[in-house]
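Asker: Could you look at this predicted model? Sequence included:
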Amino acid sequence: MSNASDSPLTPAEPSKPRQPTTSLNLLLPNFDRSSKYFNLPKTDNALTKELERLTAVGIKLYNERRFVELAQSGLISPNLIKVNQDGNVRNSDFKGHMVDHKAIVAENPEFQSRVVDIAVDADECKGLGTTFALLEVTGYPSTLCRQTISVVKWKRNGEGQWQIANVANMRGAQGFA
């Protein structure tokens, strides 16, 4: 008899990838067995963990509706970010992004995101990184449960702090919660 935890439907632990962390894990889970990808440069493990942690912190602050703390955290570039929500691309400053997000959670008070898996591609020398977060989203809209891939582009600012410069969200399959 099979153990329930072996089921492919059982979600992974949050922020604990099942495979090595690269962006290809989410789109091509068995890429590491392909000779085409054997010589990919590896991301520094400390940097990978830091960008995973920062992504999880941002999602946690959104989920807990702690917008003032998020604004003060410095996680999001105060100048300009580009947001792509299911193909609707627009530029926004941090304040505009928060106004939009507050409206979404006001209309959907049960809205929550849970990190299922995170993959990271980063270049320490260039000060650039990308996190690919597979999220389970509930309560937006109302009774639906869906998966979303959130692609967050990070850039190191002049003080050496990582900040979000671009966010792209793509909705996936959905069902009833």
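Answerer: Structure's in. What do you need?
Asker: host element of residue 99?
Answerer: For residue 99, the element it lies in under DSSP states H and E is helix 94-107.
Asker: let me fix that: residue 55
Answerer: Using DSSP H and E, residue 55 falls in helix 45-63.
Asker: name the helices or strands packed onto that helix?
Answerer: helix 67-73, strand 112-123, strand 128-138, strand 144-156, strand 162-176 (3 or more Cβ pairs under 8 Å, 6 or more residues apart in numbering; DSSP states H and E). Yep, even glycine has a C-beta here, placed from its N, CA and C like the rest.
Asker: if we can go back for a sec, would you mark the buried spots in the helix holding residue 99?
Answerer: 94, 97, 98, 101, 105 (16 or more other Cβ atoms under 10 Å).
Asker: Alpha carbons only: can I get it in CSV?
Answerer: Extracted C-alpha coordinates of helix 94-107, given in CSV (Å, rounded to 0.1, in the frame of the first residue of the first chain):
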residue,chain,number,x,y,z
PHE,A,94,5.6,51.3,-4.9
LYS,A,95,2.6,53.4,-3.7
GLY,A,96,0.6,52.6,-6.8
HIS,A,97,1.3,48.9,-6.4
MET,A,98,0.2,49.0,-2.8
VAL,A,99,-3.0,50.8,-3.7
ASP,A,100,-3.9,48.1,-6.2
HIS,A,101,-3.0,45.3,-3.8
LYS,A,102,-5.0,46.8,-1.0
ALA,A,103,-8.1,47.0,-3.3
ILE,A,104,-7.7,43.3,-4.2
VAL,A,105,-7.5,42.2,-0.5
ALA,A,106,-10.4,44.5,0.5
GLU,A,107,-12.6,42.8,-2.2
